[in-house]
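Visitor: Give me coordinates for this.
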Amino acid sequence: MDAKQPAVYILASARNGTLYIGVTSQLVQRAWQHREHVVDGFTRQYGVHRLVYYELHGDMEHAIVREKRLKKWNRLWKLRLIEERNPEWRDLWDEVVGSPGSPPPRG
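Guide: Coordinates of the predicted model:
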């Protein structure tokens, strides 16, 4: 995955658990930060670290607009969005890094 690629992502604590929606230009690095609880905040406090959904965007402006829209959706719509792409609620970490257990790229 390209190191700089605007993306919207959804993390979950577990299937049908607590959700977090975010936007980033570096999905691998940001997902790693959530997984490793590097930054204090909501995801660390509630154990929200499983990457269950993401979508890539051509530019950050569109990604931010999409993130804001998703945050306004009701919970049922968010769950449906996740399950359309990821019905087992698998952690998509390996998919975004390209190989199991890989650390985030540096630089």
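Visitor: In this structure, where's the longest helix?
Guide: helix 60-72 (DSSP state H).
Visitor: Is it correct that Asn16 is in contact with Leu79?
Guide: Yes: under the criterion of C-beta atoms under 8 Å, Asn16 makes contact with Leu79 at 6.6 Å. C-beta coordinates here come from the backbone N, C-alpha and C atoms, glycine included.
Visitor: between the two, who's got more neighbours?
Guide: Using other C-beta atoms under 10 Å as the criterion, Asn16 and Leu79 rank with Leu79 on top: 18 against 12.
Visitor: so how far is the one helix or strand the more buried one maps to from its chain's centroid?
Guide: Using DSSP states H and E, Leu79 sits within helix 75-85. Averaging C-alpha positions (C-alpha atoms, centre = their mean, to the nearest Å) puts helix 75-85 13 Å from its chain's average.
Visitor: so how far is the longest helix of the chain from its chain's centroid?
Guide: That offset, for helix 60-72, works out to 13 Å (C-alpha atoms, centre = their mean).
Visitor: Show me the beta-bridge partners of the residue positioned nearest the centre of the chain.
Guide: Centroid-nearest residue in the chain: Tyr9, 3.0 Å away (criterion: C-alpha atoms, centre = their mean). Tyr9 forms beta bridges with Gly22, Tyr54, as assigned by DSSP bridges.
Visitor: Let me know the pLDDT of it.
Guide: For Tyr9, the pLDDT comes out at 98.
Visitor: which ones are touching it?
Guide: By C-beta atoms under 8 Å, 6 or more residues apart in numbering, Tyr9 lies in contact with 21-24, 27, 30-31, 51, 53-55.
Visitor: Let's have those residues in JSON lines, adding pLDDT.
Guide: Output for the contacts of Tyr9, formatted as JSON lines (pLDDT from 0 to 100):
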{"residue": "Ile21", "pLDDT": "98"}
{"residue": "Gly22", "pLDDT": "97"}
{"residue": "Val23", "pLDDT": "98"}
{"residue": "Thr24", "pLDDT": "97"}
{"residue": "Leu27", "pLDDT": "96"}
{"residue": "Arg30", "pLDDT": "95"}
{"residue": "Ala31", "pLDDT": "95"}
{"residue": "Leu51", "pLDDT": "97"}
{"residue": "Tyr53", "pLDDT": "98"}
{"residue": "Tyr54", "pLDDT": "98"}
{"residue": "Glu55", "pLDDT": "97"}
